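Colleague: predicted coordinates and the sequence they were generated for:
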Amino acid sequence: MKGPAIFLAQFAGDDAPFNSLGAMARWAGDLGYVGVQIPTWDSRLIDLAKAAESQDYCDEIAGVCAEAGVAITELSTHLQGQLVAVHPAYDALFDAFAPAEVHGRPAERTDWACRQLRHAALASRRLGLDAHATFSGALLWHTMYPWPQRPAGLVEEGFAELARRWRPLLDAFDAEGIDLAYEIHPGEDLHDGISWERFLAAVDDHPRANILYDPSHFVLQQLDYLQFIDIYHERIRMFHVKDAEFVPSGRAGVYGGYADWGDRPGRFRSLGDGQVDFGGIFSRLTQHGYEGWAVLEWECFLKHPEQGAAEGAPFIAAHLIRRAERAFDDFAGAAPDAARNRRILGLDQG
């Protein structure tokens, strides 16, 4: 596993050093990070269309990061991916993720989002990356806990349409040799293992359909995030290192009662301040051969982001595991001997 790395999205802003890629890369490097994950919707950090067209521009971006001592781990299209599939009930809210010229025009907004994903595939290849982070979007989320009950066939139709929209994009990423890693996340149609399996079946087990694993979203759902790794490790291509806590009460549980973030039972925390068993996670991922990056995603209702970022690099570094190359008791082992093994088993006793 590689790291520590940091997702820049939650830190970008108008004030230095958070208003340019070069300054943010230096800031991250000074904190001890060796990788940065770049959000592509922020033009202060990257011009995605230009990156798709120009190798020189991509070389320049990579050089800026390398000079600061960090590598680009992946690009992210979380906001654009969300817009590939939007139920009309959410149109007004999600227009904010798109340029003003497509506001109020859902079909044009979806076309814009799909073009963004295609740009991201090309840009990722030009940058020498092998995976890309995104969201699936959601057509069914408003039916997640339904009343009245869902009509028969509704879920199947929803996932068939989601697959119809994503299949050409998965093919575009495949053409560039890039894995597309969906963050499994409440609010998306891909929010747990069952919904992931539905989507994977709908895209015919497409080899580029993969997972961005973030345990914080599973804590908030009360899903077994360690067993999730055991089940789906072959498709996990990215890892957001993010902490969370779930403290239910007699007044609120998983759904949160429409409370603000700080008042919900489920809350995101800075690394080490929540309930996530990162020792177990790093062990499981290492056991299953995960070779991607460990990327801090900071989202905490309490702690200042700069403190969370400063604490995150040493936290991740302390959890990275160098895989053992031999068993602890190899010193007591014996060379292979088939005849001896048969005698031990009592197979050559006459």
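Modeller: That came in fine, so what should we check first? Numbers count the residues shown, from 1 in each chain.

Colleague: next one: residue 68 from residue 128, what distance?
Modeller: From residue 68 over to residue 128 the distance is 17 Å, taken as C-beta to C-beta, to the nearest Å. C-beta: built from backbone N, CA, C; applies to glycine.

Colleague: the more surrounded of those two?
Modeller: Each of residue 68 and residue 128 has its neighbours counted (other C-beta atoms under 10 Å); residue 68 has more, 20 against 11.

Colleague: who are the contact partners of the more buried one?
Modeller: 22, 25, 26, 28, 29 (C-beta atoms under 8 Å, 6 or more residues apart in numbering).

Colleague: next step: the residues you listed restricted to helices.
Modeller: Taking DSSP state H as the definition of helices, those contribute 22, 25, 26, 28, 29.

Colleague: and these, which is closest to residue 248?
Modeller: residue 28 (35.7 Å; C-beta to C-beta).

Colleague: surely that closest one is in contact with residue 70?
Modeller: Yes - counting by C-beta atoms under 8 Å, residue 28 touches residue 70, with 5.6 Å between them.

Colleague: quick check: neighbours shared by these two?
Modeller: Taking C-beta under 8 Å, 6+ apart as the contact rule, residue 28 and residue 70 both touch residue 36.

Colleague: between these two, which has more neighbouring residues?
Modeller: The neighbour count for residue 28 versus residue 70, taken as other C-beta under 10 Å, is higher for residue 28 (26 against 21).

Colleague: for that one, give its distance to residue 187.
Modeller: Between residue 28 and residue 187 the computed distance is 27 Å (C-beta to C-beta).

Colleague: hmm, back to that, for the contacts of residue 68, which one is nearest residue 291?
Modeller: Within those, the smallest distance to residue 291 is 21.4 Å, found for residue 28 (C-beta to C-beta).

Colleague: what ranges does the stretch 201-350 of the chain have for its helices?
Modeller: Taking DSSP state H, counting those that start in this stretch, the helices of the stretch 201-350 of the chain run over residues 215-221, 225-232, 278-287, 305-319, 338-344.

Colleague: and the stretch 51-200 of the chain, by the same measure?
Modeller: Taking DSSP H, counting those that start in this stretch to define them, one finds helices in the stretch 51-200 of the chain at 55-67, 78-82, 91-94, 106-126, 154-176, 193-202.

Colleague: please identify the most buried of those.
Modeller: Mean neighbours per residue, mean count of other C-beta atoms under 10 Å, is largest over those for helix 78-82, with a mean of 23.

Colleague: any idea of the mean pLDDT for that one?
Modeller: Taken as a whole, helix 78-82 carries a mean pLDDT of 98.

Colleague: mind listing residues that contact it?
Modeller: Applying C-beta under 8 Å, 6+ apart, the contact partners of helix 78-82 are 9, 39-41, 94, 97, 112-113, 116-117, 120, 133-138, 182-183, 188.

Colleague: where's that helix relative to the chain centroid, distance-wise?
Modeller: Put simply, helix 78-82 sits 12 Å off its chain's centre (C-alpha atoms, centre = their mean, to the nearest Å).

Colleague: for that helix, C-alpha coordinates in PDB please.
Modeller: Extracted in PDB, the C-alpha atoms of helix 78-82 (Å, rounded to 0.1, in the frame of the first residue of the first chain):
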ATOM      1  CA  HIS A  78     -17.300  13.100  -7.700                       C
ATOM      2  CA  LEU A  79     -19.500  16.100  -8.600                       C
ATOM      3  CA  GLN A  80     -19.600  15.300 -12.300                       C
ATOM      4  CA  GLY A  81     -20.300  11.600 -11.700                       C
ATOM      5  CA  GLN A  82     -23.200  12.600  -9.500                       C
END
